[in-house]
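Engineer: From the sequence below, what's the structure:
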Amino acid sequence: MVIAIDVQGFKTSPTTFTPKELAVFNGHQVAHIVFKPPFSFSSLDVNYQRQAIWLMHNHHCIKWEEGHTPPHLFPIILRRLVSPMEAIYVKGKEKAEFIRKTLSQDVVEINEEPALPKLEASCLYHSYPKCHCALANVYYIHNNYTMS
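Structural biologist: Below you'll find the model as predicted:
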């Protein structure tokens, strides 16, 4: 089976990506999770606060404080959603490496260029057309990049 994964999030240190939104789609079933922040926004370094503000207003549009799932559950949830026998497709080098490290298995990395088109949001967290929704992205990736 082929699985498409997209994750949106924030850099919280020079070497740490903190997932905010996860979407997984296998062609039949979908999972979509928005994670709580790992700590208060004020605890974030000022440079990463600026990046986060830009992402919240211009990219994934999910506020730092939104989410329902504790972030430490991300690897557990991802491993439950993906079996070791499945082909995993992820768009972008950094995201693919993050998923690869989390799962400890091969990932088909889809080139970042061309960028995904602006897609209509598929979830309730995204109410602005400029936002990138992980859920909309996995549908597009699965339907346009996988060989299923």
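
Engineer: Only C-alpha atoms from now on, for both contacts and neighbour counts.
Structural biologist: Fine.

Engineer: quick one: the strands in the protein?
Structural biologist: Ranges of strands in the chain, per DSSP state E, are 2-13, 16-25, 30-34, 87-91, 108-110.

Engineer: Quick check: the gap between K63 and S40.
Structural biologist: According to C-alpha to C-alpha, to the nearest Å, K63 stands 12 Å off from S40.

Engineer: Check V24 too.
Structural biologist: 27 Å.

Engineer: Of these two, which one has the most company?
Structural biologist: Per other C-alpha atoms under 10 Å, whichever of V24 and S40 has more neighbours is V24, with 27 against 9.

Engineer: Bridged to the more buried one, which residues?
Structural biologist: When assigned by DSSP bridges, V24 has beta-bridge partners I5, A31.

Engineer: worst-scoring helix or strand of the chain, pLDDT-wise?
Structural biologist: helix 134-145 (a mean of 90; mean pLDDT, DSSP states H and E).

Engineer: helices or strands up against it?
Structural biologist: Judged by 3 or more C-alpha pairs under 8 Å, 6 or more residues apart in numbering; DSSP states H and E, helix 134-145 is in contact with strand 2-13, strand 16-25, strand 87-91.
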